[in-house]
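**Q** sequence and predicted structure, then a few things I'm wondering about:
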Amino acid sequence: MSHVIEIEHLTKSYGKHRGVIDLSFAVEEGDIFGFLGPNGAGKSTTIRSMLGLIHYEAGAIRIFGMDAKTEREKILREIGYMPSEAMFYPSMKVSDVIRLAADMRRKDCGEEAKKLCERLQVDTNKRIEELSLGNRKKVSIVCAMQHQPKLFVFDEPTSGLDPLMQAEFFALIEEYGKKGATCLLSTHVLSEVKKYCKNVAIMKEGRLQCIDSVENLTNTNAKHVRVVKDGVAEEFVWKGDLNKLFQNLSGHDISDILIEEPSLDEIFMHYYEKNKEDQPEILEGMKGGEK
């Protein structure tokens, strides 16, 4: 299967502020690819570099096999981008905003826009300034989808949407995916990743921490441990030999212990932790599928 996105050794700095450091990963055609990490991890910097909104110092980005720097205009024709903040002219009517977005692409998107507005329950007669955050998000989704691009790039798309609209949004993504579209999904909502994404990249402090399939990440041999030791309750995720865990617990008064599979949220949180050195058995080597 061909790669829609190829990023190799991308580096972007902002002086003293962290950007992205030596980042490499690829996204396959048709994938809904989760791009995760806490605020400041480098996700938005990566996306803006892909779209040519900022210039990067080193590395290479290829989208649809084309260089993101030299063939930017061709690439952007086939991308539907939705930033985390939906900004429109406040006095414009929704219908005019959607039509303007289509006109900028020199395409007649009327039929697709009508379908999307019906599915997402968008009131096209209102002005932007009259809309809630969730309804502005829905307008942004229509603007990003109506030209039926080959690649969707979404930055926190479902924040502000009610659960029904969140489900409808992903139903649309999956429908476009069946037609060959690819989606890069930057999100903090891990339940969305588990339900809809096939592969995921996890960022922390500008660096790639892990890239793997969601299936492998959930098949890790890490265990969630709850133990009452010497009268004190402790809760953690253990990665490694359980015999070593029992050795560490020997000599203590253990009044209760529960060992079970960790949640996806817990697995991902290991990559977000800043004090990784403090808990080597828990955090070291957290890689999906290791035995």
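**A** That came through fine.
**Q** could I get the full set of strands for the stretch 1-150 of the chain?
**A** Applying DSSP state E, counting those that start in this stretch to the stretch 1-150 of the chain gives strands spanning 3-14, 17-28, 32-36, 58-63, 66-67, 79-82.
**Q** and for this protein, the residue most distant from the center?
**A** Using CA atoms, centre = their mean, the residue of the chain lying farthest from its centre is Gly251. It sits 44.1 Å away.
**Q** so, low pLDDT: which residues of the stretch 51-200 of the chain?
**A** Judged by pLDDT under 70, the stretch 51-200 of the chain has no weakly predicted residues.
**Q** going along the chain, name the helices of it.
**A** 72-76, 94-104, 110-120, 133-145, 163-178, 190-196 (DSSP state H, counting those that start in this stretch).
**Q** specify the beta-bridge partners of Val81.
**A** Small correction: residue 81 is Tyr, not Val. Taking DSSP bridges as the rule, Tyr81 bridges to Val153.
**Q** neighbours around it, how many?
**A** 20 (other CB atoms under 10 Å). Quick note: C-beta positions are derived from backbone N, CA and C, even for glycine.
**Q** could you do the one 3 residues further on as well?
**A** Counted with other CB under 10 Å, the neighbours of Ser84 add up to 16.
**Q** how about Gly52?
**A** Residues contacting Gly52 under the criterion other CB under 10 Å number 16.
**Q** how near is the closest residue in space to Gly180 that isn't next to it in sequence to Thr182?
**A** Among residues not flanking Gly180 along the chain, Gly30 sits closest, at 6.3 Å (CB to CB, 6 or more residues apart in numbering). Look at Gly30 and Thr182: by CB to CB, to the nearest Å, they are 6 Å apart.
**Q** just list whatever residues bridge to the one residue sitting closest to the centre of the chain.
**A** When CA atoms, centre = their mean is applied to the chain, the residue found nearest the centroid is Ser186 (2.4 Å). Under DSSP bridges, the beta-bridge partners of Ser186 are Phe35, Asp155.
**Q** rewinding a little: worst mean pLDDT among the strands of the stretch 1-150 of the chain?
**A** Across the strands of the stretch 1-150 of the chain, strand 17-28 has the smallest mean pLDDT, namely a mean of 91.
**Q** residues contacting that one, please?
**A** 1-13, 33, 40, 42, 45-46, 49, 56, 59, 182, 184, 199, 201, 203, 205-208, 211 (CB atoms under 8 Å, 6 or more residues apart in numbering).
**Q** how close does Glu6 sit to Gly65?
**A** Taking CB to CB as the measure, Glu6 falls 8 Å from Gly65.
**Q** between Gly30 and Thr182, who's got more neighbours?
**A** Legend: neighbour count by other CB under 10 Å for Gly30 and Thr182, higher for Thr182 (24 against 18).
**Q** and the more buried one, what is it in contact with?
**A** Counted by CB under 8 Å, 6+ apart, Thr182 has contacts Val4, Ile5, Val27, Glu28, Glu29, Gly30, Asp31, Ile32, Phe33, Lys150, Leu151, Phe152.
**Q** now tabulate the residues you listed in TSV and tack on distance to Leu245.
**A** Listed next are the contacts of Thr182 as TSV, based on distance: CB to CB, whole Å:
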residue	distance to Leu245
Val4	42
Ile5	40
Val27	37
Glu28	37
Glu29	42
Gly30	41
Asp31	36
Ile32	36
Phe33	34
Lys150	48
Leu151	44
Phe152	43
